[in-house]
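Colleague: The following comprises the amino acid sequence and a computationally predicted model.
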Amino acid sequence: KTYQISSQIQTGAKFGMQTMESSLRDLYRAGIISRQEALNNAFDPDGLLRIL
């Protein structure tokens, strides 16, 4: 049931769970990594672009 992992992580946000894309977005916004680094390391680059 690996297809459910992403939605379970999003549902578990209130418990501190976050997606890789959310972590990359936070690092990018903090100036720790570049936009390109974030996109290169994202599991879902299109999803990351939507939240940048």
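Modeller: All right, it came through fine.

Colleague: from here on, contacts and neighbour counts on C-alpha atoms
Modeller: Fine.

Colleague: Show me what the helix ranked longest in the chain is packed against.
Modeller: Criterion DSSP state H: the longest helix present in the chain is helix 20-29. Packing partners of helix 20-29 (3 or more C-alpha pairs under 8 Å, 6 or more residues apart in numbering; DSSP states H and E): helix 35-41, helix 45-51.

Colleague: can you list contacts of it?
Modeller: 33-35, 38, 42-45, 47-48, 51-52 (C-alpha atoms under 8 Å, 6 or more residues apart in numbering).

Colleague: ok, now with 6 Å
Modeller: 33-34, 38, 42, 48 (C-alpha atoms under 6 Å, 6 or more residues apart in numbering).

Colleague: how about TSV for the helices and strands packed on helix 20-29, with mean pLDDT and mean neighbour count added?
Modeller: What follows is the helices and strands packed on helix 20-29, written out as TSV (pLDDT from 0 to 100; neighbours: other C-alpha atoms under 10 Å):
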stretch	mean pLDDT	mean neighbour count
helix 35-41	98	15
helix 45-51	96	13
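
Colleague: so can I have TSV of the ones you listed showing distance to E21?
Modeller: Formatted as TSV, the helices and strands packed on helix 20-29 follow (distance: least, C-alpha to C-alpha, whole Å):
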stretch	distance to E21
helix 35-41	8
helix 45-51	5
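
Colleague: Quick one: closest of those helices to T2.
Modeller: helix 45-51 (17.4 Å; C-alpha to C-alpha).

Colleague: Kindly provide the distance from D26 to I33.
Modeller: Applying C-alpha to C-alpha, to the nearest Å, the value for D26 to I33 is 9 Å.

Colleague: Quick one: distance of the longest helix of the chain to the chain centre.
Modeller: Mean-position distance between helix 20-29 and its chain equals 6 Å (C-alpha atoms, centre = their mean, to the nearest Å).

Colleague: Show me what the mean pLDDT comes to for it.
Modeller: For helix 20-29, mean pLDDT is 96.

Colleague: Fine, thanks again, bye for now.
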